[in-house]
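Asker: Everything below, folded, please.
(one chain, ligands or ions: 1)
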Amino acid sequence: MYYIDIVGTCNLRCPSCPVGNYLPHDFMGLQRPKGFMKLALFEQILDKIKRENSDYKYIVIAIYNWGEPLLHPAFPKFIEAIRAREFYSDVSTNLNIKDIKPMVAASPNKLIISLSGYDMEVYSQTHKGGNPHLVVSNLYRLRYYMDRLKKDFPVELSYHLYRHNMGKDVEYIKFIANDLGFRFCSDYSYLMPLEKIWNI
Ligand code: SF4
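Answerer: Numbering: from 1, shown residues only. Predicted structure coming up:
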């Protein structure tokens, strides 16, 4: 499994994430590239992976880590490039995106949606800068487009657990996942980079 960030930034600022809690003096002046990866570079990387893993059948290319891949204007082409090499694509998004139809049409092999609440007050503490109303409406749109475009790929709602969001919000999101035929899973959140724990 290879993780390749195709976008070096995010539209949200989650305090537990190195993108969200980044400060200019972090990492001794070393900065991650912030732009959009060029498709040609991505294809070169995929070709190198293919060359070096000719024995392996199931190669997964995750086009996320610390960034929001759906911000990339050429996102569908990245999925196409992965499919063309017979690899599996894995995508994780915060789903604070206006138009998700191109992503559904591109049909990744797996889609993870990270979220941390249903109510604005709860969600916005940890998915800072995001809007749960947009996310929830997009979940219903996602089901609609998948049905309409006849796309069938696994969707996982990944609920990040914090002390403040373990109540009714979890139950609401579970209900939506069941209602729409998506998988629900939850995990405790952790702070990255770990060195920032000294500042708390
Ligand atoms: S949505 Fe993901 S990449 Fe964006 S700030 Fe939050 S944890 Fe980081």
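Asker: Residue 95 contacts residue 111, correct?
Answerer: No - using Cβ atoms under 8 Å, residue 95 is not in contact with residue 111; the gap is 9.2 Å. Quick note: C-beta positions are derived from backbone N, CA and C, even for glycine.
Asker: What residues does this structure have near the ligand?
Answerer: 10, 12-14, 17, 19-20, 66-68, 94, 114 (Cβ under 6 Å from any ligand atom).
Asker: Show me the shaky parts of the chain.
Answerer: 27-33 (pLDDT under 70).
Asker: Tell me where it has helices.
Answerer: Per DSSP state H, the chain carries helices over the ranges 39-52, 75-84, 101-106, 120-126, 132-148, 168-180.
Asker: so can I have CSV of those showing mean neighbour count?
Answerer: Formatted as CSV, the helices of the chain follow (neighbours: other Cβ atoms under 10 Å):
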stretch, mean neighbour count
helix 39-52, 13
helix 75-84, 18
helix 101-106, 17
helix 120-126, 17
helix 132-148, 17
helix 168-180, 16
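Asker: Ramachandran angles for residue 190?
Answerer: phi -140, psi 160 (degrees, to the nearest 10).
Asker: where's the residue nearest to it when sequence neighbours are not counted relative to residue 144, distance?
Answerer: Nearest non-adjacent residue to residue 190, counting by Cβ to Cβ, 6 or more residues apart in numbering: residue 16, 6.8 Å away. Per Cβ to Cβ, to the nearest Å, residue 16 is found 31 Å from residue 144.
Asker: Mind listing the residues bridging to residue 110?
Answerer: Beta bridges link residue 110 to residue 90 when assigned by DSSP bridges.
Asker: Check the gap between the nearest residue to residue 36 once chain neighbours are set aside and the ligand for me.
Answerer: Closest residue in space to residue 36, ignoring its immediate chain neighbours: residue 72 at 5.1 Å, by Cβ to Cβ, 6+ apart. From residue 72 across to the ligand, the span is 13 Å (Cβ to the nearest ligand atom, to the nearest Å).
Asker: show me the contacts for residue 72.
Answerer: Neighbouring residues of residue 72 by Cβ atoms under 8 Å, 6 or more residues apart in numbering: 6-7, 36-37, 78.
Asker: What's the separation between it and residue 147?
Answerer: 25 Å.
Asker: Then residue 5?
Answerer: 31 Å.
Asker: Next: residue 95.
Answerer: On the measure of Cβ to Cβ, residue 95 and residue 147 end up 18 Å apart.
Asker: likewise residue 120?
Answerer: From residue 120 to residue 147 the distance is 28 Å (Cβ to Cβ).
Asker: and if you look at residue 57?
Answerer: For residue 57, the distance to residue 147 (Cβ to Cβ) stands at 31 Å.
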